[in-house]
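1. I would like the atomic coordinates for the input below:
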Amino acid sequence: MTQQIKDVMTKPVHTVRRDATLRAVSRAMKERKIGAVLVMQADGSLLGLVTDRDLVVRGMASDRDIDKTQVAEICSTPPVKLDPTATIDDAVRLMRERAVRRIPVVADGKPIGIVSIGDLARARDPSSLLAQISAAPPNE
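-> Below is the predicted model of the structure:
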């Protein structure tokens, strides 16, 4: 049986409101020791995804005021999404086609998890270098 995304995705999913400031988002990432969060619309639907790299490149390096800029201004939209019943092969193909490293997993219009390239590496080949690096605790 082919492994489904719901079996390898990371959960719980971490979200922020579209009007959260870049500073607030970066603090949330630091506190949770994560590198990406999902950006939500007021109605609870998924607007996009923002990574720590987005905060630096699209935010700070672009001279945006981190206390006034809303995350909706720099997040990746529209987000690439996967259904929880999608296969690992589906995720690999989509990551390759769209050149992304993380994909939100959405059921009934709501995010329930996120799958990363590291999650896929651990599922396919736990002894690979990428899987081992992805399994290591985050740097402080």
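2. Need phi/psi at Val106.
-> phi -120, psi 130 (degrees, to the nearest 10).
3. Would you check that it makes contact with Val80?
-> No. With contact defined as Cβ atoms under 8 Å, Val106 does not reach Val80; the gap is 10.3 Å. Every residue, glycine included, has its C-beta placed from N, CA and C.
4. Compare these two (neighbour count), which wins?
-> Using other Cβ atoms under 10 Å as the criterion, Val106 and Val80 rank with Val106 on top: 20 against 17.
5. how near is the more buried one to Val115?
-> 11 Å (Cβ to Cβ, to the nearest Å).
6. Now the common contact residues for these two.
-> Any residue near both Val106 and Val115 by Cβ atoms under 8 Å, 6 or more residues apart in numbering counts here, and that gives Leu82.
7. so where's this protein uncertain?
-> Applying pLDDT under 70 to the chain flags residues 1, 126-140.
8. Try it again at 90.
-> Along the chain, segments meeting pLDDT under 90 span 1-3, 44, 78-79, 109, 118, 121-140.
9. could you pull out the strands for it?
-> Here the chain has its strands, by DSSP state E, at 15-17, 36-40, 46-51, 102-107, 110-116.
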